[in-house]
Every structure is written in structure tokens, then in C-alpha cells.
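Participant: Please find the sequence and the predicted model below.
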Amino acid sequence: MDPVKIPKMPKAEYDALIERQYVSRISFGACDHPYIAPFMYVFDKKYLYFLSTKYGRKIDYFTANPKVSVEIEEYAPDMSAFTFVSLQGVLEEVHDPAQKKKVREQFVAMIAKNRLSPRVLTALGHSPGDSPDVIVREERSMVWKLVGVKDIVALKNG
């Protein structure tokens, strides 16, 4: 008996998935075993942007080899419906001050829109007692952009 294949998602559907969600997983390959870490992101309809604290092994892996896989998913609590998109590309640090400020402002807006807990600020190098706009005022994190996407796998079961 042949296995049932999960149907592919068209671009409009996986773009909508990326726009709805705000948490991804990034797999870094510059180590003996792939290293996977969760990252919040914002999407400008063309690129995914991430904020990364300036410490931890992800920095070593990014520096050694910026090629990554990024995975974004959505599923029903009982798994009756699920979708995911996996993008293979390269992380690039954003250096332009105006672009970094714009991305940081998008993060503040995303946090407000999704009514995220102030505790989420700890993932970005800030105290949960800080106001989210501290992300724009203080550069405690690096801004990364996913570029050079070579492969996209987007599947859904429903």
C-alpha cells in the first residue's frame, strides 16, 4: 500500500501562514548536530526578519555558517489540521540603521497586535518590566534577514 502524501500549499497559502504566525524555529548546521532554536519573526511580505540576542551558541553557528533552515507551523490542538512551511536560506545581519529601526518597530507592533506577555522581552535581551518600545531604543539584539532562499517546502493536511 502506498503512503498518503500530504498536499503541497500554494504560495498565497504559505505566505498567509507566515503572516499569521510569529514564532519560527531556525536550524543551524555549523555544528556536529543541527542546532534548533525558536525565534520570533516579522514578515514584510518579501523577507523574514529575526532579532537575536548577542550571546549564545547561535552566534557562533551563525558566524561559522549562516546557512539555515527556518520552519513555521500551525496546527489544531488535536492535530486534525496542520500546515507548515520550511525555507532553506542564508541569514544576513542587517547593518543599515534605518532598516534596523524599521524592523525593530515591526517587532514592537507585532508584540502589541498579538498581545504577547511582557516576559517575551527576555528572549530579546530585555527585562519583562521594560516597555516593548525598548526594543527600538536599545540595541540589545542583532537584526537578521533571511535571504537567498533556495528551497521552500510547504504542506498542509486539510
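Facilitator: Received it, and whenever you're ready, just let me know what you need.

Participant: Please enumerate the helices of this protein.
Facilitator: Remark: helices assigned in the chain by DSSP state H are 11-20, 57-64, 97-113, 134-137.

Participant: of all those, which lies closest to residue 73?
Facilitator: helix 11-20 (8.2 Å; Cβ to Cβ). (C-beta placed from N, C-alpha, C; glycine too.)

Participant: Buried residues of the closest one, list them for me.
Facilitator: 14-15, 17-18 (16 or more other Cβ atoms under 10 Å).

Participant: remind me which residues of the protein are low pLDDT?
Facilitator: The chain contains residues with pLDDT under 70 at 158.

Participant: would you list every one of the strands in it?
Facilitator: Ranges of strands within the chain are 23-28, 35-43, 48-53, 67-75, 82-93, 141-156, based on DSSP state E.

Participant: I'd like the helices of the chain laid out as TSV, including distance to residue 44.
Facilitator: As requested, the helices of the chain are exported to TSV (distance: least, Cβ to Cβ, whole Å):
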stretch	distance to residue 44
helix 11-20	10
helix 57-64	21
helix 97-113	7
helix 134-137	16
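
Participant: For residue 121, which of the ones you listed is the nearest?
Facilitator: Nearest to residue 121 among the helices of the chain is helix 134-137 (7.3 Å), distances taken as Cβ to Cβ.

Participant: With just CA atoms, put the closest one into CSV.
Facilitator: This file holds the C-alpha atoms of helix 134-137, laid out as CSV (Å, rounded to 0.1, in the frame of the first residue of the first chain):
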residue,chain,number,x,y,z
VAL,A,134,12.8,49.5,24.5
ILE,A,135,13.4,47.2,21.5
VAL,A,136,13.7,50.3,19.3
ARG,A,137,15.5,52.5,21.8
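
Participant: Summarise which helices and strands it is packed against.
Facilitator: Other helices and strands packing on helix 134-137, by 3 or more Cβ pairs under 8 Å, 6 or more residues apart in numbering; DSSP states H and E, are helix 97-113.

Participant: The strands of the chain: which one's closest to residue 61?
Facilitator: Residue 61 sits nearest to strand 23-28 of all the strands of the chain, at 3.7 Å, using Cβ to Cβ.

Participant: Sheet-wise, list the partners of that closest one with their directions.
Facilitator: Sheet pairing of strand 23-28 (DSSP bridges) gives strand 35-43 (antiparallel), strand 67-75 (antiparallel).
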